[in-house]
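Enquirer: just need the structure, nothing else, for what follows:
(chains A and B)
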There are 2 protein chains.
Amino acid sequence: MANITKKVSWSSRGDDRGERTPLLNGAEEAKYNKQDIVRSRPKEIPHNEKLLSLKYESLDYDNSENQLFLEEERRMSHMPIAAGSGIPQIKCYLNGVKIPRVVRLKTLAIKVFGVICSVAGGLAVGKEGPMIHSGAVVAAGVSQGRSTSLKKDFKIFEYFRRDTEKRDFVSAGAAAGVSAAFGAPVGGVLFSLEEGASFWNQMLTWRIFFASMISTFTLNFFLSIYHGKPGQLSSPGLINFGRFDGDSVQYNLYEIPLFIIMGALGGMLGALFNVINYWLTIFRIRYVHRPCLQVMEAMLVAAVTATVSFAMIYFSNDCQPLGQDSTEEYPLQLFCADGEYNSMATAFFNTPERSVRSLFHNPPGTYNPITLGLFTLAYFFLAVWTYGLTVSAGVFIPSLLIGAAWGRLFGILLSYIASSQSIWADPGKYALIGAAAQLGGIVRMTLSLTVILVEATGNVTYGFPIMLVLMTAKIVGDYFIEGLYDIHIKLQSVPFLHWEAPPTSHWLTAREVMSSPVTCFNRVEKVGRIVDVLSNTSTIHNGFPVVVDTTDNDDEPGKICGLILRSQLIVLLKHKVFVERASSRLSQRRLQLKDFRDAYPRFPPIQSIHVSQDERECMMDLTEFMNPTPYTVPQETSLPRVFKLFRALGLRHLVVVDNENRVVGLVTRKDLARYHVGKDGLEELHLAQT
Amino acid sequence: MANITKKVSWSSRGDDRGERTPLLNGAEEAKYNKQDIVRSRPKEIPHNEKLLSLKYESLDYDNSENQLFLEEERRMSHMPIAAGSGIPQIKCYLNGVKIPRVVRLKTLAIKVFGVICSVAGGLAVGKEGPMIHSGAVVAAGVSQGRSTSLKKDFKIFEYFRRDTEKRDFVSAGAAAGVSAAFGAPVGGVLFSLEEGASFWNQMLTWRIFFASMISTFTLNFFLSIYHGKPGQLSSPGLINFGRFDGDSVQYNLYEIPLFIIMGALGGMLGALFNVINYWLTIFRIRYVHRPCLQVMEAMLVAAVTATVSFAMIYFSNDCQPLGQDSTEEYPLQLFCADGEYNSMATAFFNTPERSVRSLFHNPPGTYNPITLGLFTLAYFFLAVWTYGLTVSAGVFIPSLLIGAAWGRLFGILLSYIASSQSIWADPGKYALIGAAAQLGGIVRMTLSLTVILVEATGNVTYGFPIMLVLMTAKIVGDYFIEGLYDIHIKLQSVPFLHWEAPPTSHWLTAREVMSSPVTCFNRVEKVGRIVDVLSNTSTIHNGFPVVVDTTDNDDEPGKICGLILRSQLIVLLKHKVFVERASSRLSQRRLQLKDFRDAYPRFPPIQSIHVSQDERECMMDLTEFMNPTPYTVPQETSLPRVFKLFRALGLRHLVVVDNENRVVGLVTRKDLARYHVGKDGLEELHLAQT
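Expert: So this is what the prediction gives:
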């Protein structure tokens, strides 16, 4: 991130953008050029995972003192955000990265429509990812009391117009989404916490918990009406895997090693899934980036899915007698004799969650092992291909289906080996374990997934095996490649901050990490200079340290006395909070917090604000608007310490000072996300504007 | 916290403690005297909840740069720590407060013995609190690879000899305790997180989760052997409330208001429990502080419990025919005809958890409403009286029993009102809801308690009602008084940091909050001065800012360049890491990190280290041992910002600097815990040495 030093002397004419030449001294110039090279190099399409994109902005989760800190947004081109499952985007949002339009109402509408089409169209997709995303969007909208897409402001909840509050709502919305999808309110809370939260906050947990609860209640209420038993609230979530009840739900010590083997298998298959999807995504970023190509690919996937399904059903001779199992509501006779139904067709032509339920609960002997093997193989590759298409799609349900299929196969094979009466060779149980293993191997969640699966199957007994399997799958999977969501986050070059700084980064200090020189403002600054700095398109900064007014001795950096955000300066400029050079400061117009809240979160660009030549000569007193006590660190602070401070407090800007409290640098999210451990130790990512 | 300024000039003789007179300038002296008054005033027994005790030390959860930061302990008198449930102590430990001997092996032995006696003796106590505490103690011991009580060092796990690592182990141990007690591994994880963690850390969650899992597995394995079915792992935890299975587990929309009413009732009864216990505890602190009185009180409670039980059984005529219910293994005939058993005796003379199970699962009609009413009344007061006795006792099970009794009563009364065939008037269901309400009203946990109860009853359907009831109970209860654990923490004057700074504290700045003046050391300091400062018994500090060596101009504070802990100085003195004034610095003896780890956590007192008169004249170079980049804040930082930094990073010392980076004050845990919101707005607690 290249910064322009405050020593640069701009021409004060307003119309000569692009002609200005910064006047730098030798050392500064060298530094500046180095920065410039870093910035200008990667102008191509970001298909390279060694890149870190500068197009993503940070959110400000650290509330400022005077409550005046608000956020700004920049116009930029972006990919259609309503495709995919939405979970990686929400994960980034909760991490503090602003993904453009991720929580807008328009996104929601496209998403809902998209998921209906893709699920009904028979693609190998689930509806839970989009549901979780939808929950988050609704929550973000509700919290703001207005919608940009609808151009409507309900003038309510104005106090929630801050990044911190909005984050809490988004967390709660995501939890409510999980809660509704799986009937898993506690699982939803844990999902939000495991994927999103960095600071375990009692109030946040409460809010999330409450949202989850209401979501479950509302869903159950409407489901009870839909099922014709109004008021009967014991229905589970929208996606129903059926309950494991009664005496059959037992397991034995001898099965523990089998569960571990299945977990390892799930980890390996999950890693395979992720590797293939990774290469596919890179291929897509390189060659399938035009919308017409994307639509064609989606159509191709749909065609192949249909073809493969029909071919497999046609060549399958797995016909089962009707009436044998109770969970089958719509048996398909396709290519079978009367009084029989086609088992392969059952697996393919039901909704995926109904297929999962059949695999969990149908009695032994319902499925032919060959059917299951072929189905697993075909569905695996279809699901890999489908995830990451520009359609709304979740990966949870397809993963569960793949896992349930090979898990059941595993169980059937076991029952061949062991005596078939043995209770522990119940194939349904192995289908559940397999489903957990496969899903864990792909997304690598543990705690929340355990609870979600326990809640979705209404059974606590299998909690321990599920846990064990998820942990094994995670450990094995992590050996090969990251989780699917992390892969997609990385491929989009999002500056995502992980839980800890990279392990070998102790020798790096703030001095090496920070961006410098930093553009600073004086406490009382000339309006013209502020406009020039904000209008400079080559370096778009969002936070500026405020320094004690220096005399004309510009050779040494100023002492820090505050921090002000671009968004605040924009609001100040818009409201013409100026004083003429000669007049007293008391005449400066006073602003209310409300003025800042009203502008949140889409602050106007600097270009839309007209500042006359006379006004450029005025001064602006930043004292009452800046954050007077920004967090600072000395230059010698190590990267892990900076990282911890940044992550724990949800910062957006961290000022680096020398031992005289003079500003020497600024650390932002990009500076920290740049470092990661690669094959040859610590690596530094390049920064790209795209 | 009164500090001695470094301007104080001590006599350099080693044997004149108590005769020294600090030489202070006027302003400093006034400040010092004011501090002295605050410190010296409350010398009486701390029965006053407006006090904050200085006897509790902080733990250092912020790892220092050079990894040399370790912890020290001070000898002090303390209450017998093995009494009570142990949960408030563990809560404090995880919050970062060092409660003396809370995680020692001796404590464990006393605890285990105590809980066996008190449960077997028929007191109104549970065994789960001590089990959770035991888990934490075992974990702390394992993590250190040695035991002070056994005087044995296994020389393993030396890298875990740090506060941060030990905290993680203690969290995991507590989770394992819950997991074993209730068969609730996920509940255990949430318990640790809800009660203890402040920074949601993926690695920590993993560790806790893993510990919980192993705990459940081990317990199930041994239970399966005990039950004669080795390898059959589906057993629940030690405390078994029986499963809610089958079709009866349903609820209806009409019942939601009833659940909310029960939650409110639970909140009120819980608040009553807490208020009575609060006054009782104050009474005990004032009048029952001698061990013989404590033993006598315990004996009195036991006698009264037995008398009340017998009297109630004698006067009860609730005789039920034998064989009607299957869960009753040991029916008691007491005062009943042959072929009948005494229902009141069942409630009183079983272990409390067996009574809870009977109340949950016995068929309708097993209990007489009058029996339940009287039992609730009697047991409520017995439980209030028993909690806080100097015996090992948990409050979970008694609370559940009280709640189950009145919940079942509530259900029976409902079935009188409604038609008795109606499925929703199943008294067992209302017993469960009542139990949740009562426990929630007393301890005020929500998320973790929901999961624990779901896991302990093996039923997911009631998850939503339990949640609803726990939230209502918490909201209603919080209106009257805090939760039981918080009350006990407050009454022990522990400097506990809550989740957020008090709401009205925005106008307070670090300048008002900090302790000053601060004792600082020079980077190269005279050994004699270090010994004098550490030996000063009137001001026991644990952290000292290190400042850039100043000349003899002592009038202005020095510029900060590091922070060093008392424990580190003690290790340095013990190993005689000195240089003679004349010689080069290179001759200073080098220490390894191991030297510091070996001394953890019981560093010798300064009095045990002999420093000769010659050695006092030597110098000590602190550069390589101090933390070179301690977190600092400017004086103008507001209390909520300081609080957030402190809480999120788990700090022990936070240095306050002026805008020249000169040390002007030090903020410790006590300085922050001192502020709380009382009846008249923000109040400041007094500090006491006891």
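Enquirer: state the pLDDT value of whatever residue of the stretch 301-450 of chain A ends up closest to chain B.
Expert: Per Cβ to the nearest Cβ, the residue of the stretch 301-450 of chain A with the smallest distance to chain B is residue A:447, at 5.6 Å. C-beta coordinates here come from the backbone N, C-alpha and C atoms, glycine included. You'll see residue A:447 listed with a pLDDT of 82.
Enquirer: ok, how many other residues are close to it?
Expert: Residue A:447: 26 surrounding residues under other Cβ atoms under 10 Å in any protein chain shown.
Enquirer: and residue A:363, by the same measure?
Expert: By other Cβ under 10 Å, the residues close to residue A:363 number 12.
Enquirer: how far away is it from residue A:372?
Expert: Using Cβ to Cβ, to the nearest Å, one obtains 15 Å as the distance from residue A:363 to residue A:372.
Enquirer: residue A:566 now?
Expert: Residue A:566 sits 58 Å away from residue A:372, going by Cβ to Cβ.
Enquirer: so which of these two has more stuff around it?
Expert: residue A:372 (27 against 20).
Enquirer: apart from its chain neighbours, what residue comes closest to that one?
Expert: Excluding its sequence neighbours, the residue lying closest to residue A:372 (Cβ to Cβ, 6 or more residues apart in numbering or on different chains) is residue A:409, at 4.2 Å.
Enquirer: by mean pLDDT, flag the weakest helix or strand of chain A.
Expert: Across the helices and strands of chain A, mean pLDDT, DSSP states H and E gives its lowest value to helix A:26-40, namely a mean of 40.
Enquirer: could you look up the next helix or strand downstream of the helix or strand that contains the residue nearest to residue A:372?
Expert: Secondary structure assignment for residue A:409, by DSSP states H and E: helix A:396-417. Next helix or strand after helix A:396-417 toward the C-terminus (DSSP H and E): helix A:427-443.
Enquirer: got the phi and psi for residue A:523?
Expert: When read as degrees, to the nearest 10, the backbone of residue A:523 gives phi -60, psi -40.
Enquirer: list the contacts for it?
Expert: Applying Cβ atoms under 8 Å, 6 or more residues apart in numbering or on different chains to residue A:523 gives the contacts A:546-549, A:561-562, A:621-623, A:626.
Enquirer: make it 7 Å
Expert: With contact taken as Cβ atoms under 7 Å, 6 or more residues apart in numbering or on different chains, residue A:523 is in contact with A:546, A:548-549, A:561, A:622-623.
Enquirer: most neighbours out of those, which is it?
Expert: Ranking those using other Cβ under 10 Å puts residue A:546 first, with 26 neighbours.
Enquirer: spatially, which residue comes closest to that residue, not counting chain neighbours?
Expert: Using Cβ to Cβ, 6+ apart, the closest residue to residue A:546 is residue A:562 (3.9 Å).
Enquirer: the one you found: neighbouring residues, count only.
Expert: Residue A:562 is flanked by 24 other residues according to other Cβ under 10 Å.
Enquirer: and the gap between it and residue A:362?
Expert: Noted for residue A:562: a distance of 67 Å to residue A:362, by Cβ to Cβ.
Enquirer: need the residues of the stretch 551-690 of chain A near chain B, please.
Expert: A:559, A:628-629, A:633-634, A:636-638, A:641, A:644-645, A:648-649, A:659-661 (Cβ under 7 Å from any Cβ of the partner chain).
Enquirer: so which of those residues are in strands?
Expert: Judged by DSSP state E, those include A:633-634 as members of strands.
Enquirer: restrict the residues of the stretch 551-690 of chain A next to chain B to the buried ones and give me that as a PyMOL selection.
Expert: This is how PyMOL selects the buried members of those, with burial counted by 16 or more other Cβ atoms under 10 Å in any protein chain shown:
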select buried, chain A and resi 559+628+629+633+634+636+637+638+641+644+645+648+649+661
